[in-house]
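Asker: Could you work out the structure for the sequence below:
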Amino acid sequence: MTGIQANHIPYRGSAPMLTDLIGGRIDYAFDGVSTSLGYVTAGTVRLLGVAGTARSPIFPDAPTVADTVPGFDTMVWFGLFAPAGTPRPVVELLNRKVNETLGALEVRKSLEKLGIDAVGGAPDVLAAKVQAEIRKWADIVRQKSIRVEQ
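Answerer: Numbering: from 1, shown residues only. Reported below is the predicted structural model:
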């Protein structure tokens, strides 16, 4: 979206990436707020921008990347999945219990301290999110001719 040329370094998690970032072996990185929060708060790393379309409630003064690069959105998200063929009543029970848990005030407060906005929702909302992400990233892979190096 910016024309910047960069090399992707496939780290095996945030810890080694943050070690290299702090050590000056890499210039920048994308990471989840929950894993880099302590380093940002301590001033060990500098938060340049939030990758979603909205500012972070933990870092309200940090701009979004989309403020500079319109349409940029690579917010990390998680979903709860079950094996294909899981009976519908089981899916509905799990969904209801997870949504109840995510709606509990103490859970919301704990997650918010980590920069996590737990939204919950119905299984069809997650299915739509997955399909939208597949379309978005498939388009980017095609446009940029991205290939896996072996």
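
Asker: and the most centrally placed residue in the chain, what does it touch?
Answerer: What sits nearest the mean C-alpha location of the chain, by CA atoms, centre = their mean, is residue 76, with 0.9 Å. Listed by CB atoms under 8 Å, 6 or more residues apart in numbering, the contact partners of residue 76 are 32, 51. In this view, the C-beta of every residue, glycine as well, is placed from N, C-alpha and C.

Asker: Correct me if wrong: residue 122 contacts residue 96.
Answerer: No: taking CB atoms under 8 Å as the definition, residue 122 is not a contact partner of residue 96, at 9.9 Å.

Asker: Just to be sure, the residue nearest to the centre of the chain is in a strand?
Answerer: No: counting by DSSP: H, G, I helix; E, B strand; the rest coil, residue 76 is located in no strand; its state is coil.

Asker: distance of it from residue 14?
Answerer: Using CB to CB, to the nearest Å, residue 76 is found at 11 Å from residue 14.

Asker: Which neighbours do the two have in common?
Answerer: Joint contacts of residue 76 and residue 14 (CB under 8 Å, 6+ apart) are residue 32.

Asker: Can you get me a residue count around residue 21?
Answerer: 21 (other CB atoms under 10 Å).

Asker: Could you check the pLDDT of it?
Answerer: If you check residue 21, the pLDDT there is 97.

Asker: give the contact list for it.
Answerer: Residue 21 neighbours (CB under 8 Å, 6+ apart): 28, 29, 45.

Asker: Show me these that map onto helices.
Answerer: Of the contacts of residue 21, none are assigned to helices by DSSP state H.

Asker: hmm, which of these are the buried ones?
Answerer: residue 45 (16 or more other CB atoms under 10 Å).

Asker: can I get the contacts of residue 21 in a markdown table with pLDDT and distance to residue 118?
Answerer: Below are the contacts of residue 21 laid out as a markdown table (pLDDT from 0 to 100; distance: CB to CB, whole Å):
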| residue | pLDDT | distance to residue 118 |
| --- | --- | --- |
| 28 | 95 | 28 |
| 29 | 95 | 24 |
| 45 | 96 | 25 |
